[in-house]
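Q: Build me a model from this:
(one chain, ligands or ions: 2)
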Amino acid sequence: MGSLGRCLARSLLRGQPGPSRPAGPRCYGSAPPELQEQTLVLVKPDAVQRRLVGSVIQRFERRGFKLVGMKLLQANQGILERHYEQLRQKPFYPVLVAYMTSGPLVAMVWEGYNVVKSTRAMVGDTNPATAAAGTIRGDFSMHVSRNVVHASDSVETARREIGFWFQRDELLDWHSGDSDYTYGP
Ligand code: IDP
Ligand code: MG
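A: Ligands and ions are numbered 1, 2, ... in the order given. Have a look, this model is predicted:
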(Lines give C-alpha, C1' and ligand atoms only; values in the text may rest on other atoms or scores of the structure.)
(Ligands and ions follow the chains in the order given, each with its own letter.)
Protein backbone atom coordinates (compact mmCIF):
# COMPACT_ATOMS: atom_id res chain seq x y z
CA MET A 1 0.00 0.00 0.00
CA GLY A 2 1.34 3.46 -0.91
CA SER A 3 1.64 6.31 1.55
CA LEU A 4 -1.66 7.81 0.40
CA GLY A 5 -3.37 4.47 0.96
CA ARG A 6 -1.88 4.23 4.44
CA CYS A 7 -2.96 7.77 5.20
CA LEU A 8 -6.49 7.13 3.95
CA ALA A 9 -6.71 3.83 5.85
CA ARG A 10 -5.49 5.42 9.06
CA SER A 11 -7.93 8.29 8.64
CA LEU A 12 -10.83 5.87 8.07
CA LEU A 13 -9.85 3.79 11.11
CA ARG A 14 -9.78 6.91 13.24
CA GLY A 15 -13.12 7.95 11.77
CA GLN A 16 -12.19 11.58 12.24
CA PRO A 17 -12.16 14.22 9.52
CA GLY A 18 -9.14 16.48 9.06
CA PRO A 19 -9.17 19.41 11.48
CA SER A 20 -10.50 17.49 14.52
CA ARG A 21 -8.18 14.53 14.08
CA PRO A 22 -6.35 13.30 17.18
CA ALA A 23 -2.96 14.78 17.91
CA GLY A 24 -0.04 12.82 16.53
CA PRO A 25 2.34 12.81 13.64
CA ARG A 26 0.84 13.67 10.27
CA CYS A 27 1.29 11.17 7.47
CA TYR A 28 3.46 13.61 5.59
CA GLY A 29 5.25 16.91 6.01
CA SER A 30 5.45 18.00 2.40
CA ALA A 31 2.91 16.34 0.10
CA PRO A 32 3.89 12.87 -1.19
CA PRO A 33 4.46 12.48 -4.93
CA GLU A 34 0.99 11.08 -5.68
CA LEU A 35 -0.56 14.30 -4.41
CA GLN A 36 1.82 16.37 -6.54
CA GLU A 37 0.79 15.03 -9.95
CA GLN A 38 0.39 17.93 -12.38
CA THR A 39 -1.44 18.52 -15.64
CA LEU A 40 -1.60 21.27 -18.24
CA VAL A 41 -4.95 22.88 -19.01
CA LEU A 42 -5.32 25.47 -21.76
CA VAL A 43 -8.43 27.62 -21.85
CA LYS A 44 -8.48 28.05 -25.61
CA PRO A 45 -9.05 31.37 -27.46
CA ASP A 46 -12.77 30.68 -28.12
CA ALA A 47 -13.34 30.27 -24.38
CA VAL A 48 -11.46 33.47 -23.54
CA GLN A 49 -13.56 35.37 -26.11
CA ARG A 50 -16.72 33.86 -24.64
CA ARG A 51 -15.75 34.84 -21.05
CA LEU A 52 -15.57 31.22 -19.91
CA VAL A 53 -12.24 31.42 -18.09
CA GLY A 54 -13.83 31.78 -14.66
CA SER A 55 -16.25 28.91 -15.26
CA VAL A 56 -13.40 26.58 -16.21
CA ILE A 57 -11.27 27.59 -13.22
CA GLN A 58 -14.24 27.12 -10.91
CA ARG A 59 -14.65 23.47 -11.95
CA PHE A 60 -11.08 22.64 -10.95
CA GLU A 61 -11.25 24.62 -7.72
CA ARG A 62 -14.50 22.94 -6.73
CA ARG A 63 -13.05 19.52 -7.43
CA GLY A 64 -10.29 20.34 -4.96
CA PHE A 65 -7.29 20.62 -7.27
CA LYS A 66 -4.62 23.21 -6.60
CA LEU A 67 -3.65 25.89 -9.13
CA VAL A 68 0.14 26.11 -9.28
CA GLY A 69 0.65 28.15 -12.46
CA MET A 70 -1.42 30.43 -14.68
CA LYS A 71 -0.84 32.99 -17.42
CA LEU A 72 -2.62 34.77 -20.26
CA LEU A 73 -0.73 34.72 -23.53
CA GLN A 74 -1.16 34.66 -27.27
CA ALA A 75 0.45 31.48 -28.58
CA ASN A 76 2.72 31.58 -31.62
CA GLN A 77 3.16 28.90 -34.28
CA GLY A 78 6.41 27.67 -32.69
CA ILE A 79 4.92 26.61 -29.38
CA LEU A 80 1.95 24.99 -31.12
CA GLU A 81 4.23 22.99 -33.41
CA ARG A 82 5.72 21.43 -30.30
CA HIS A 83 2.46 21.14 -28.40
CA TYR A 84 0.58 19.50 -31.29
CA GLU A 85 3.56 17.66 -32.81
CA GLN A 86 1.57 14.39 -33.07
CA LEU A 87 -1.12 16.10 -35.16
CA ARG A 88 1.06 17.81 -37.76
CA GLN A 89 0.02 15.41 -40.53
CA LYS A 90 -3.70 15.73 -39.81
CA PRO A 91 -5.80 17.55 -42.41
CA PHE A 92 -7.19 19.87 -39.74
CA TYR A 93 -3.75 20.89 -38.43
CA PRO A 94 -3.60 24.29 -40.28
CA VAL A 95 -7.03 25.33 -39.02
CA LEU A 96 -6.13 24.09 -35.53
CA VAL A 97 -3.06 26.35 -35.47
CA ALA A 98 -5.08 29.29 -36.86
CA TYR A 99 -7.66 28.74 -34.09
CA MET A 100 -5.11 28.41 -31.31
CA THR A 101 -3.20 31.56 -32.40
CA SER A 102 -6.36 33.62 -33.04
CA GLY A 103 -6.37 35.39 -29.67
CA PRO A 104 -5.28 35.10 -26.07
CA LEU A 105 -5.49 31.80 -24.22
CA VAL A 106 -5.01 30.98 -20.55
CA ALA A 107 -2.43 28.34 -19.69
CA MET A 108 -2.76 26.70 -16.29
CA VAL A 109 -1.10 23.95 -14.30
CA TRP A 110 -3.32 22.08 -11.84
CA GLU A 111 -1.99 19.74 -9.18
CA GLY A 112 -3.44 16.94 -7.10
CA TYR A 113 -4.22 13.25 -6.75
CA ASN A 114 -4.85 11.56 -10.13
CA VAL A 115 -5.20 15.01 -11.70
CA VAL A 116 -4.34 13.93 -15.26
CA LYS A 117 -7.06 11.28 -15.55
CA SER A 118 -9.59 13.26 -13.54
CA THR A 119 -9.06 16.30 -15.72
CA ARG A 120 -9.57 14.33 -18.93
CA ALA A 121 -12.83 13.02 -17.48
CA MET A 122 -13.90 16.54 -16.47
CA VAL A 123 -13.06 17.90 -19.94
CA GLY A 124 -14.92 15.19 -21.87
CA ASP A 125 -14.69 13.85 -25.43
CA THR A 126 -12.63 15.73 -28.00
CA ASN A 127 -15.81 16.21 -30.03
CA PRO A 128 -18.31 18.27 -28.03
CA ALA A 129 -21.13 16.69 -30.02
CA THR A 130 -20.47 13.44 -28.15
CA ALA A 131 -19.06 14.89 -24.91
CA ALA A 132 -21.21 13.97 -21.93
CA ALA A 133 -23.34 16.61 -20.27
CA GLY A 134 -21.59 17.72 -17.10
CA THR A 135 -18.18 17.79 -18.76
CA ILE A 136 -16.61 21.12 -19.69
CA ARG A 137 -16.85 20.45 -23.43
CA GLY A 138 -20.29 18.89 -23.06
CA ASP A 139 -21.59 21.94 -21.22
CA PHE A 140 -19.83 24.81 -22.99
CA SER A 141 -19.29 23.80 -26.62
CA MET A 142 -20.86 22.23 -29.71
CA HIS A 143 -18.24 21.65 -32.41
CA VAL A 144 -14.81 19.97 -32.49
CA SER A 145 -13.23 23.02 -34.13
CA ARG A 146 -14.01 25.12 -31.02
CA ASN A 147 -13.83 22.81 -28.04
CA VAL A 148 -12.92 25.30 -25.29
CA VAL A 149 -10.10 23.53 -23.45
CA HIS A 150 -7.01 21.37 -23.77
CA ALA A 151 -5.92 18.86 -21.14
CA SER A 152 -2.83 16.61 -21.15
CA ASP A 153 -3.60 12.96 -21.91
CA SER A 154 -0.99 11.22 -19.70
CA VAL A 155 1.40 11.99 -16.86
CA GLU A 156 4.34 11.86 -19.27
CA THR A 157 2.61 14.13 -21.82
CA ALA A 158 1.73 16.54 -19.01
CA ARG A 159 5.36 16.74 -17.92
CA ARG A 160 6.44 17.54 -21.48
CA GLU A 161 3.62 20.00 -22.19
CA ILE A 162 4.12 21.90 -18.93
CA GLY A 163 7.74 22.37 -20.02
CA PHE A 164 6.59 23.93 -23.32
CA TRP A 165 4.33 26.50 -21.67
CA PHE A 166 5.98 27.28 -18.31
CA GLN A 167 9.41 28.05 -16.90
CA ARG A 168 10.18 26.23 -13.66
CA ASP A 169 10.04 29.44 -11.61
CA GLU A 170 6.52 30.18 -12.90
CA LEU A 171 5.14 27.20 -10.96
CA LEU A 172 4.47 27.82 -7.28
CA ASP A 173 4.96 25.32 -4.49
CA TRP A 174 2.38 26.54 -1.97
CA HIS A 175 0.39 24.97 0.83
CA SER A 176 -3.34 24.90 0.24
CA GLY A 177 -5.21 25.32 3.51
CA ASP A 178 -8.04 23.09 2.36
CA SER A 179 -5.81 20.03 1.90
CA ASP A 180 -6.92 18.77 5.36
CA TYR A 181 -10.43 18.58 3.91
CA THR A 182 -9.62 17.24 0.45
CA TYR A 183 -7.18 14.54 1.65
CA GLY A 184 -7.05 12.49 4.84
CA PRO A 185 -4.33 13.17 7.44
P1 IDP B 1 -7.88 16.24 -27.27
O2 IDP B 1 -7.79 17.75 -27.26
O3 IDP B 1 -9.18 15.75 -26.73
O4 IDP B 1 -6.69 15.58 -26.62
P5 IDP B 1 -6.71 15.54 -29.86
O6 IDP B 1 -7.09 14.38 -30.70
O7 IDP B 1 -5.39 15.53 -29.18
O8 IDP B 1 -7.90 15.77 -28.80
O9 IDP B 1 -6.81 16.83 -30.79
C10 IDP B 1 -6.28 18.06 -30.38
C11 IDP B 1 -7.20 19.18 -30.79
O12 IDP B 1 -7.30 19.21 -32.21
C13 IDP B 1 -8.65 19.02 -30.35
O14 IDP B 1 -8.86 19.39 -29.00
C15 IDP B 1 -9.35 19.95 -31.30
O16 IDP B 1 -9.15 21.33 -30.93
C17 IDP B 1 -8.56 19.71 -32.59
N18 IDP B 1 -9.21 18.70 -33.44
C19 IDP B 1 -9.22 17.36 -33.28
N20 IDP B 1 -9.94 16.75 -34.27
C21 IDP B 1 -10.38 17.76 -35.06
C22 IDP B 1 -11.17 17.79 -36.25
O23 IDP B 1 -11.62 16.76 -36.78
N24 IDP B 1 -11.42 19.03 -36.79
C25 IDP B 1 -10.96 20.18 -36.24
N26 IDP B 1 -10.21 20.19 -35.13
C27 IDP B 1 -9.92 19.01 -34.54
MG1 MG C 1 -4.69 15.49 -27.22
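Q: Near ligand 1, which residues of this protein are found?
A: Residues of the chain lying close to ligand 1 by Cβ under 6 Å from any ligand atom are Leu87, Phe92, Leu96, Thr126, Val144, Ser145, Asn147, His150, Asp153. The way it works is simple: take the backbone N, C-alpha and C, and place the C-beta from them, glycine included.
Q: Going along the chain, name the helices of this protein.
A: 3-14, 45-49, 53-63, 77-83, 93-100, 115-123, 136-140, 155-165, 179-182 (DSSP state H).
Q: Indicate which one of those helices is closest to Val109.
A: Nearest to Val109 among the helices of the chain is helix 155-165 (5.7 Å), distances taken as Cβ to Cβ.
Q: which residues touch the closest one?
A: 37-40, 42, 69, 79, 82-83, 107, 109, 116, 152, 171 (Cβ atoms under 8 Å, 6 or more residues apart in numbering).
Q: can you give me phi and psi for Glu91?
A: No Glu there; residue 91 is Pro. phi -60, psi -30 (degrees, to the nearest 10).
Q: Now for it, how many residues are close by?
A: 8 (other Cβ atoms under 10 Å).
Q: go on, the one 5 residues further on?
A: Using other Cβ under 10 Å, Leu96 has 17 other residues around it.
Q: That one and Leu87 touch, don't they?
A: Yes - in this structure, Leu96 is within contact of Leu87 by Cβ atoms under 8 Å, at 6.7 Å.
Q: Quickly list what's touching both of these two.
A: Joint contacts of Leu96 and Leu87 (Cβ under 8 Å, 6+ apart) do not exist.
Q: Quick one, which of the residues of the chain next to ligand 1 are buried?
A: Leu96, Val144, Asn147, His150, Asp153 (16 or more other Cβ atoms under 10 Å).
Q: any weak-confidence spans in this structure?
A: Counting by pLDDT under 70, the chain contains low-confidence ranges at 1-29.
Q: Turn the contacts of helix 155-165 into TSV, including distance to Phe60 and neighbour count.
A: Formatted as TSV, the contacts of helix 155-165 follow (distance: Cβ to Cβ, whole Å; neighbours: other Cβ atoms under 10 Å):
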residue	distance to Phe60	neighbour count
Glu37	13	20
Gln38	12	22
Thr39	10	28
Leu40	12	25
Leu42	13	22
Gly69	12	20
Ile79	22	15
Arg82	24	12
His83	20	19
Ala107	13	22
Val109	11	25
Val116	13	22
Ser152	13	23
Leu171	15	15
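Q: quick check, nearest of those residues to Phe140?
A: The closest of these, once distances to Phe140 are taken by Cβ to Cβ, is Leu42, at 14.1 Å.
Q: My read is that the closest one contacts Pro104, right?
A: No - between Leu42 and Pro104 there is no contact under Cβ under 8 Å: 11.0 Å.
Q: Distance from stretch 50-67 to the middle of the chain?
A: Put simply, stretch 50-67 sits 9 Å off its chain's centre (Cα atoms, centre = their mean, to the nearest Å).
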